[in-house]
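Trainee: give me a model of this one.
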Amino acid sequence: MVRFRKFYERVVNQTNAKDAGKLATFGVECTYLPDPPEDFDEFEFRTALGDITVVIMVTVEMGKIKRLLFSAADPEDPDMTRSLTEAQLETLLAEKGDRLAAFFEYITQA
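Mentor: Prediction:
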């Protein structure tokens, strides 16, 4: 997770965050985009990891990233999430870490 710290304090570019075509190239889809975001808000993205739907919560304050959270959507109720296990997180970072870094780079471009 250290590899994503450089994205903290960067501003989320709304246009890039909702560009479904470009996000698909990273294997990510935007599932919640506040428009406009409140002073403190969250963006939600999803990606697949095998049979797990990984929810990526990007918490922003005044438009700047303050926290990134990776969790697994409940297959019975996709609106409910649970923490990824350490093994799942390691697999996510090993298999998709570079693409996720490129995704974060893209959504924080000016």
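Trainee: which one is the residue nearest the centre of the chain nearest to, not counting chain neighbours?
Mentor: A centroid search over the chain (CA atoms, centre = their mean) returns Ile56, at 3.3 Å, as the residue closest to the centre. The spatial neighbour of Ile56 that comes closest, neighbours along the chain excluded (CB to CB, 6 or more residues apart in numbering), is Phe45 at 4.3 Å. C-beta coordinates here come from the backbone N, C-alpha and C atoms, glycine included.
Trainee: wait, a strand at that neighbour?
Mentor: Yes - judged by DSSP: H, G, I helix; E, B strand; the rest coil, Phe45 forms part of a strand.
Trainee: who touches it in this structure?
Mentor: 23, 28-31, 55-56, 58, 103 (CB atoms under 8 Å, 6 or more residues apart in numbering).
Trainee: so the residue lying farthest from the centre of the chain, which state does it fall into?
Mentor: Distance from the C-alpha centroid of the chain peaks at Glu76, with 21.2 Å (CA atoms, centre = their mean). Following three-state DSSP, the label given to Glu76 is coil.
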